[in-house]
Every structure is written in structure tokens, then in C-alpha cells.
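**Student:** What would the 3D arrangement of this be:
(chains A, B, C, D, E and F)
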Protein chains: 4
Amino acid sequence: MILLDYKDRRPIYEQIVEKLKDLMICGVLEQDSQLPSVRSLATDLSINPNTIQRAYMELERRGFIYSVKGRGSFVADTTSILALKTSELKNKLGDWVEEAKRAGIKEDKAHSWLVEEWINEGTRSGGGVRE
Amino acid sequence: MILLDYKDRRPIYEQIVEKLKDLMICGVLEQDSQLPSVRSLATDLSINPNTIQRAYMELERRGFIYSVKGRGSFVADTTSILALKTSELKNKLGDWVEEAKRAGIKEDKAHSWLVEEWINEGTRSGGGVRE
Amino acid sequence: MILLDYKDRRPIYEQIVEKLKDLMICGVLEQDSQLPSVRSLATDLSINPNTIQRAYMELERRGFIYSVKGRGSFVADTTSILALKTSELKNKLGDWVEEAKRAGIKEDKAHSWLVEEWINEGTRSGGGVRE
Amino acid sequence: MILLDYKDRRPIYEQIVEKLKDLMICGVLEQDSQLPSVRSLATDLSINPNTIQRAYMELERRGFIYSVKGRGSFVADTTSILALKTSELKNKLGDWVEEAKRAGIKEDKAHSWLVEEWINEGTRSGGGVRE
DNA sequence: GTGGTCTAGACCACG
DNA sequence: GTGGTCTAGACCACC
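**Tutor:** Sure thing, here's the model as predicted:
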């Protein structure tokens, strides 16, 4: 379900956080359903349980999951998860706009790029450009 | 000319790279004009010369500047610089689109956000999303 | 009669302790009336009997109930229960005051907050501060 | 500067977080001043550096400090720190009020307790009542 | 069995 | 030197 990329500069635990966040948003992981246990996911990915623990801690901090000692970790309210994600995305676009403006990009150019990129179905390698 | 933000999580050398890139794109630093020497910029910013060295190395690797041993570092062909920057920006937008699609954002929603964010003149603090 | 909140970080047995304490103070559970048996309450809440056992043990330790081997558990003297609860509350306020003082809060500020918070009827979500 | 209480049920890293937060609020640690390094504080308290690391991470997350790789950790903007702390305290008082209401405490009673507890100068043992 | 905390020691990126 | 990440293995609280 999760594939780690060791060439990626981002820490392992962050990759896990992002991937699980995506799975929750896409609806693969349903509300209040149980996540794999810290230990089992660790052995599945052949990494240390502490790394998973850290990822889960981060997800709980951001309100995506809730953990119950002795029982497990569970997916939080999915509607609020979607709201969180949407707000994140809008912020990211705002950052991009700011950068594009500084580089002298015009608004209509940006719109035409947006159209163009929207068509590209899975053309890119995946996971972000390391410029 | 350059202001460092130590609260920024990005490494210092990366901040310098970005800032110099911006200055070249905006036309403040003209083609073939000489960049400040490693040592002088280091003392100006009161940081370690190694850090400047690393920034210049990075800029040369990406094709934004060229260095001549014993003479200094110079701004590369600005048209190609602009092309590089433009391509970077487009890639970033592509990454964003991919992420937005995964989150179920519709294309017209994205366009309306783009319009909205384009209006916001300097509303955001600057430097990246602390999600 | 009791609703468990698995999202709450506090252990289940502690939630039960608190809830039963509240019910005794409010007078829903009268003095010397019998509490539900460990097994029946466990099946009602669909949790492990051990957890109920632990909650009852805790309540007896604190003097809120008394157990008779082979007969069941019973509500203790409600006046002393109220006294216990009152003393607990006063201690908690004392802790708060100490913390507020350290933070430089003035006494009249605290009083005005108290007035303000007293008006808020059920505004807060319940269960503790996620600071 | 920091005293750990191993009898305290709270984790070590949380004690450190609270203590440092207090020191920043009281003004002992001034804005932008450097905190002891992860390693030095660890040896000072004779605990593992990872524990300090976690405390610092938590403080950064909450906006009390900022960390720069290779340079150190520093006290964030103290005015916003005070605002954060004030909001936390008000929330805690709100929780207390809710509990007091449930226990049938009257508002004037609460005010008289507040006055009373405010007078008690350091009477209590320190650190919170384990009921 | 579960999550949570702590220790010990390693390696990396940064300055 | 600094902070940050990861591993390995231990112990605790809870269910």
C-alpha cells in the first residue's frame, strides 16, 4: 500500500505521513477505520517501528488520525481531513503565484499552463521535481 | 542586497541561491556582469565563505552563472536563465496539479483559486507554507 | 448511561471513573444503591471486564464506592463524595492560579475570565484542551 | 536551570517543554537568544539527547522556538509566546468552569475560591495535584 | 496484543 | 560544532 523512496531527500516518516494523508483523502482509508499497527507496518516496510511511531504522531498532531493506547490508531473525521487538505493546497497555490509573479509570469500564461498541466495524465515521474 | 532569514528552515546557501536567481531574472544582475567575490559577500552577510562557495557552486551547476578561475563569477546568458526559471515554475505547477487531482479538486475550482490568489498582493508572509 | 470516547486520550477506565463520579455527585446514583455488575457493564459498553474492574477498584480506593464480596459494589456516603469532589476542584483551581501567576496574569483579569467562561454554556467541545 | 521529576507521571520531554516555556514567558530566556544545544542539555540533565531533541521539536511545533540546522535553537518572538500561553490558560479555566458547573458549584463560590487561592503564595507542593 | 516513552549509538546535512 | 533522522532494543501503560 505504501512505497518508500530512499532516493527522496525527504525523511522516511514524512513520506509515510504524506502517503497516508493521500489514502485518507482518496477514501481508501475510511473514517474510524483502524490503521495498521505501528509494529506491523514497520515490519511490512522493513523499517524501525520508531519511524512509524513518529509518522503517526505527526498525523495525530495535524488532526488526521487519533490514537488510543492499547487499541490502535484510527482515521479521524474525513470531512475535516478534506477541509485541512484543501486549505493546504490553496496555500501552496498562493506560494506558487507569488513566485510566478516575481518571475514576471502573466496571469493568462498561468491559466494556460494550468489547462495544459491538467490534461497531462500521470506524465510526470511522480513525487515532485528535484530541480 | 540579500537578506538572510535564520528562522527559515531552508539552509542558508539555498536562500542565497534563490535570491541571486531572482535578482538575475528581475534584471538587477545583468548578463556577464560580475557577482561579488565569495569572500566579500561572506563578510557582507557575516557568514562562512564556505556557504557562499556552495551557493555559487550550485548556481553554476544549474547553469545560472559561470566561473572563471582567478577572475570571478559572472551572470550567464539571461535568456536561458529565464527559460530555466520558466520551466521550473511550470514543473512546480504540474506537481501541484497532480496533488490537487489526487485530492479531488476540479479544474474550474483550480482556476478560480488562481484568479483569487493572483489578486492577493503580498498578503502572505513569505517563504513557504507551514502546513 | 455511559458514553465512551475512544478519541479521548485518557484511558477508558479513567473515563468510566470520572463518569460514575459525576453520576454520583449529580444524584443520579443514590447513596447505597447498587452499581451495575462488572460483567454486565462490560458487555453493555462492549469492553473488557478487566477495564471495569480497574475503574471500580479506583473508585473504591478514592472512597466513592464500597464493595461487598459476593454481593456487588455500592455508592458510598454521597455527602462525603461531594466533599471529595469539591476539594478536588479547589485543588485544580489552585494549580491553575499558580500557573497563571507564573505567566504574569493579574487577579482581576482572572476574575473577568471566570465571569466570561461562566456565561459560555456548553460552547466548548468537551474533554480537555488540545493545546 | 531545569529540574526533572522522575516521580512525575508525565514524560520527561514534556516536563522539559513546560519548564522551558515558563522560562521564556518569565523572560529569563530572551527573544532570539540561543538555547543550550541538544547535546549539552542532555549531558547536563544526564538524559539521552533524543529526549531533548523531542522536547525542542515540540517547542518548535508550537511556535515557541525556532531551530536552525548547524547553528542551534533560538527563542521565538516573545510577544506571540505570551499570547499563546494566555490563550492556553483561558482554555484551561474554561475546562475547569465546565467541570465545576457539572458538580453544582455556584459562580460566587468559584470567585471566592479564586480570591482565596490567589493569596496562597507557594503553599502547594509544586507541579500539580495527582488526585 | 496495542501505542508511548526512553536509551544508546550511528550517520547525515549544515556552517 | 549544530540540529535532524534512523536503527535497535528496552520498558511501561492499557486493553
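
**Student:** How about the residues of chain A by DNA strand E?
**Tutor:** A:35, A:37-40, A:50, A:53, A:56-57, A:60, A:67-73 (Cβ under 7 Å from any atom of the strand). To be clear about C-beta, it is placed using only N, CA and C from the backbone, and glycine gets the same treatment.

**Student:** do that again at 10 Å, thanks
**Tutor:** A:9, A:34-43, A:48-50, A:52-57, A:59-60, A:65-74 (Cβ under 10 Å from any atom of the strand).

**Student:** from those residues, which ones fall inside strands?
**Tutor:** Applying DSSP state E to the residues of chain A next to DNA strand E, the entries found in strands are A:65, A:66, A:67, A:68, A:72, A:73, A:74.

**Student:** one step back: within reach of chain C, which of the residues of chain A next to DNA strand E are there?
**Tutor:** Restricting those to those adjacent to chain C (criterion: Cβ under 8 Å from any Cβ of the partner chain) gives A:66, A:67, A:68, A:69, A:70, A:71, A:74.

**Student:** Pretty sure the fourth one sits against residue C:11.
**Tutor:** Yes - in terms of Cβ atoms under 8 Å, residue A:69 counts as a neighbour of residue C:11; the distance is 6.7 Å.

**Student:** So which of the ones next to chain C among the residues of chain A next to DNA strand E is the closest to residue A:98?
**Tutor:** residue A:66 (34.6 Å; Cβ to Cβ).

**Student:** more neighbours, residue A:69 and residue C:11?
**Tutor:** residue C:11 (15 against 9; other Cβ atoms under 10 Å in any protein chain shown).

**Student:** Contact partners for residue A:25?
**Tutor:** A:81, A:82, A:85, B:102, B:103, B:104 (Cβ atoms under 8 Å, 6 or more residues apart in numbering or on different chains).

**Student:** wait, does the lengthiest helix in chain A contact chain B?
**Tutor:** Counting residues, the longest helix found in chain A (DSSP state H) is helix A:78-102. Yes - applying Cβ under 8 Å from any Cβ, one finds helix A:78-102 in contact with chain B at A:82, A:85-86, A:88-102.

**Student:** Which residues does that helix contact?
**Tutor:** A:21, A:24-25, A:27, A:30-31, A:62-64, A:75, A:110, B:22, B:25-26, B:89, B:92-93, B:96, B:99-100, B:103-105, B:110, B:113-114, B:117-118, B:120, B:122-124, B:126, B:128-129, B:131.

**Student:** ok, and the closest non-adjacent residue to whichever residue of chain A sits closest to DNA strand F?
**Tutor:** Going by Cβ to the nearest atom of the strand, DNA strand F is nearest to residue A:70 of chain A, at 2.4 Å. Closest residue in space to residue A:70, ignoring its immediate chain neighbours: residue C:11 at 7.8 Å, by Cβ to Cβ, 6 or more residues apart in numbering or on different chains.

**Student:** Quick check: the gap between that neighbour and chain B.
**Tutor:** 31 Å (Cβ to the nearest Cβ, to the nearest Å).

**Student:** Hmm, that residue is touching residue A:71, no?
**Tutor:** No - between residue C:11 and residue A:71 there is no contact, the gap being 10.3 Å when judged by Cβ under 8 Å.

**Student:** list the buried ones in the helix or strand that the longest helix of chain A is followed by?
**Tutor:** Using DSSP states H and E, the helix or strand that follows helix A:78-102 towards the C-terminus is helix A:107-119. Neighbour-count burial for helix A:107-119 flags A:110, A:113, A:114, A:117, A:118 (criterion: 16 or more other Cβ atoms under 10 Å in any protein chain shown).

**Student:** Of those, which are in range of chain B?
**Tutor:** Within the buried residues of helix A:107-119, those near chain B by Cβ under 8 Å from any Cβ are A:110, A:113, A:114, A:117, A:118.

**Student:** what's around the residue of chain A closest to DNA strand F, how many residues?
**Tutor:** Residue A:70 has 8 nearby residues by other Cβ under 10 Å.

**Student:** circling back to that earlier point, could I get the ones next to chain B among the buried residues of helix A:107-119 as CSV with pLDDT?
**Tutor:** Shown next, in CSV, are those (pLDDT from 0 to 100):
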residue, pLDDT
A:110, 96
A:113, 96
A:114, 96
A:117, 96
A:118, 96
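
**Student:** farthest-separated two in those?
**Tutor:** A:110 and A:118 (12.5 Å).

**Student:** Identify the contacts common to those two.
**Tutor:** With Cβ under 8 Å, 6+ apart, residue A:110 and residue A:118 have no common neighbours.

**Student:** Name only those of the ones next to chain C among the residues of chain A next to DNA strand E that count as buried.
**Tutor:** Judged by 16+ other Cβ under 10 Å, buried ones among these: A:66, A:67, A:68, A:74.

**Student:** so who does residue A:17 touch?
**Tutor:** Residue A:17 neighbours (Cβ under 8 Å, 6+ apart): A:55, A:58, A:59.

**Student:** host element of it?
**Tutor:** helix A:12-26.

**Student:** now that helix, how far from the chain's geometric center?
**Tutor:** On the basis of Cα atoms, centre = their mean, to the nearest Å, helix A:12-26 sits 4 Å off its chain's mean C-alpha point.
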